[in-house]
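>>> How does the following fold in three dimensions:
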Amino acid sequence: MSERSDELADENEASAADPTTSEAELARLKRENEDLRGRLGWRRSGWRSFFAGLFAVLTCVAMVGAVLATWAHWTALNTERFVNTIAPVIKEQAVSEAISDEAVSRLFDKYKLRSRIERELKKVLPDVLKSVAGDAAGGAESLAKTLTQQIIKSSAFQAVWRRALTFSHEEAVKGIRATGPVQLNEKGEVVLDISGVLHDLQARLSDLGLTFLKSIKLPDSLGQVVLYKNSQLGNVKQAVNVLDVLFWVLPWLAVLLLVLASFIANDRRKNLFGTSILLVVLLVVLMIVIKVAQGHYLGMITSDVNRHAAIVASGVVMSTLYRVDIAMIIVGAITVLFAVIAGPYEWAFSTHKAIGLRSHIGTGKEGGSVFQKFCAFVARYAWPLRIAGLSAAALLILYLPQAAVGAIIAIIVVYGLYLIAVELFR
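Residues are numbered from 1 along each chain as shown. Model prediction:
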């Protein structure tokens, strides 16, 4: 309501400066402005401000949770995204070095290959060269590590690695979500479902003469074979169920809270301005917390080679989270900027008057009249339009499966152009 009265005041000033505006129209705008200002009292009540602020805070909390929930869903529970994220990690130099070092060291330690190679070399080398047998054995171990890295980076190994990841992840997700033959329930039981086998057996025995079996209905529990039980697995099952719910609920809850906060706010501009600033701050804090936690746990790895590999691997896995987080920070910053531009400042009014398309299109022609109506519509619903744009940009970024840099940049650019259009047309 207050924004509308401010806009009407701006229209009054613009109309006063425009000699083509009729006196009747000017008087009508003044009366409407006075009427709106007279009804502001009930909107500026304390409870509206309290709940608008509360919804704004909850919006930011829900949005931060949505960033984490959507990233975890796409990265951990979507097979295609999981494989596309994890499979290339093994080709990283630091990771392939760590894997080759571990593999070769285990092989050489298990069968004491270094000492064996050294003994064999001493048998064939002349006495003058037997002293270098130990160095040669060490060289053989280094050669084995180099060959292992070449194997890991080969296209054949990568294809096998990707297929193995895909199969294992698909089966694991099917088990957790109870959609495959091996299922995980809330009790932490890994259950093999052999109901199909029992029904086939029942049919075959009936065909062999045991016709009474046809009238027997096998209970579902009869085909459930518990292979393994661990209460911690039950927690995994519950966590996945919660994550599935949060993936769909949190982004839309954040949008709903944003709309409610704007609807009941005494000043929509200030409410959106404060919400955007708080969102940016919380997202920055989230990134700092993740970085600190990541550094803490990686620092606990004693081996330099393994720690370097873990840093590279975690960086790849967390990259999509960072991209979404940074994208939401940029969207929040853009919203703050345009909330300032839309503010009731003298320079803002002068800027809108200078760049606004409505003031440069005449009203005498039919096309100009239609355009003026469109501009009036944008001016009247400017804040709902801004909030709708922010909501759409946030949902697109959060639900973007691959979080591709190009797609994120496109969303941010379109959102910025959208806000510019609102300023130009209102």
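
>>> Kindly tell me how buried Ala156 is, as a neighbour count.
Neighbourhood size, Ala156 [other CB atoms under 10 Å]: 8. Just so you know, the C-beta spots here come from the backbone N, C-alpha and C atoms, and that holds for glycine as well.

>>> so which strand or helix has it?
Taking DSSP states H and E as the criterion, Ala156 maps to helix 155-176.

>>> just checking, what packs against that helix?
With contacts defined as 3 or more CB pairs under 8 Å, 6 or more residues apart in numbering; DSSP states H and E, helix 155-176 has these neighbours: helix 79-86, strand 182-184, helix 231-264.

>>> Could the C-alpha coordinates of the first one be exported in CSV?
Yep, that's helix 79-86 we're talking about. C-alpha atoms of helix 79-86 as CSV (Å, rounded to 0.1, in the frame of the first residue of the first chain):
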residue,chain,number,x,y,z
THR,A,79,22.8,-42.0,-10.4
GLU,A,80,23.6,-40.1,-13.5
ARG,A,81,24.7,-37.0,-11.6
PHE,A,82,26.6,-39.1,-9.1
VAL,A,83,28.5,-40.9,-11.8
ASN,A,84,29.2,-37.7,-13.8
THR,A,85,30.6,-36.2,-10.6
ILE,A,86,32.6,-39.1,-9.2
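
>>> Mind checking the pLDDT average for that helix?
For helix 79-86, the mean per-residue pLDDT is 86.

>>> same deal with the shortest one?
Here the mean pLDDT over strand 182-184 is 68, rounded to a whole number.

>>> what packs against the helix or strand that it is followed by?
Downstream of strand 182-184, the next assigned helix or strand under DSSP H and E is strand 189-193. Under the contact criterion of 3+ CB pairs under 8 Å, 6+ apart, strand 189-193 touches strand 182-184, strand 224-229, helix 231-264.

>>> Now tabulate those in CSV and tack on distance to Ile311 and mean neighbour count.
Putting the helices and strands packed on strand 189-193 into CSV (distance: least, CB to CB, whole Å; neighbours: other CB atoms under 10 Å) gives the following:
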stretch, distance to Ile311, mean neighbour count
strand 182-184, 32, 19
strand 224-229, 34, 12
helix 231-264, 26, 17
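
>>> Now render the ones you listed as TSV, adding distance to Leu113.
Converted to TSV, the helices and strands packed on strand 189-193 look like this (distance: least, CB to CB, whole Å):
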stretch	distance to Leu113
strand 182-184	38
strand 224-229	36
helix 231-264	38
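
>>> Comparing those, which yields the minimum mean pLDDT?
Among the helices and strands packed on strand 189-193, strand 182-184 scores lowest, at a mean of 68.

>>> coming back round to it: between the helices and strands packed on helix 155-176, which one is closest to Val312.
In terms of CB to CB, the element of these nearest to Val312 is helix 79-86, at 12.5 Å.

>>> Of all the helices and strands packed on strand 189-193, which one is nearest Gly46?
Per CB to CB, nearest to Gly46 of the helices and strands packed on strand 189-193: helix 231-264, 12.0 Å.

>>> that older thread, could you redo the helices and strands packed on helix 155-176 as a markdown table and give each row distance to His169?
Below are the helices and strands packed on helix 155-176 laid out as a markdown table (distance: least, CB to CB, whole Å):
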| stretch | distance to His169 |
| --- | --- |
| helix 79-86 | 5 |
| strand 182-184 | 14 |
| helix 231-264 | 13 |
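
>>> and Ser206, which of the ones you listed is closest to it?
Of all the helices and strands packed on helix 155-176, strand 182-184 comes closest under CB to CB, at 27.7 Å.

>>> where does this structure dip in pLDDT?
For the chain, applying pLDDT under 70 flags the ranges 1-45, 182-184, 190, 227-228, 233, 356-368.

>>> What separation is there between the residue in it sticking out farthest from the centre and Ala133?
Going by CA atoms, centre = their mean, the residue of the chain most distant from its centre is Asp127, 66.0 Å out. Using CB to CB, to the nearest Å, Asp127 is found at 11 Å from Ala133.

>>> rewinding a little: how close does the residue farthest from the centre of the chain sit to Phe212?
Distance of Asp127 to Phe212, computed by CB to CB: 87 Å.

>>> Then Ala379?
Distance of Ala379 to Phe212, given as CB to CB: 81 Å.

>>> for this structure, longest helix please?
Longest helix in the chain, counting residues (DSSP state H): helix 304-341.

>>> so how far is that one off the chain centroid?
Distance, stretch centre to chain centre, for helix 304-341: 10 Å (CA atoms, centre = their mean, to the nearest Å).

>>> That one - contacts with which helices or strands?
The contact analysis (3+ CB pairs under 8 Å, 6+ apart) places helix 304-341 against helix 46-72, helix 79-86, helix 93-111, helix 268-299, helix 346-355, helix 382-398, helix 405-425.

>>> okay, the ones you listed in a markdown table with distance to Ala140 next?
Formatted as a markdown table, these follow (distance: least, CB to CB, whole Å):
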| stretch | distance to Ala140 |
| --- | --- |
| helix 46-72 | 44 |
| helix 79-86 | 32 |
| helix 93-111 | 9 |
| helix 268-299 | 32 |
| helix 346-355 | 74 |
| helix 382-398 | 52 |
| helix 405-425 | 44 |
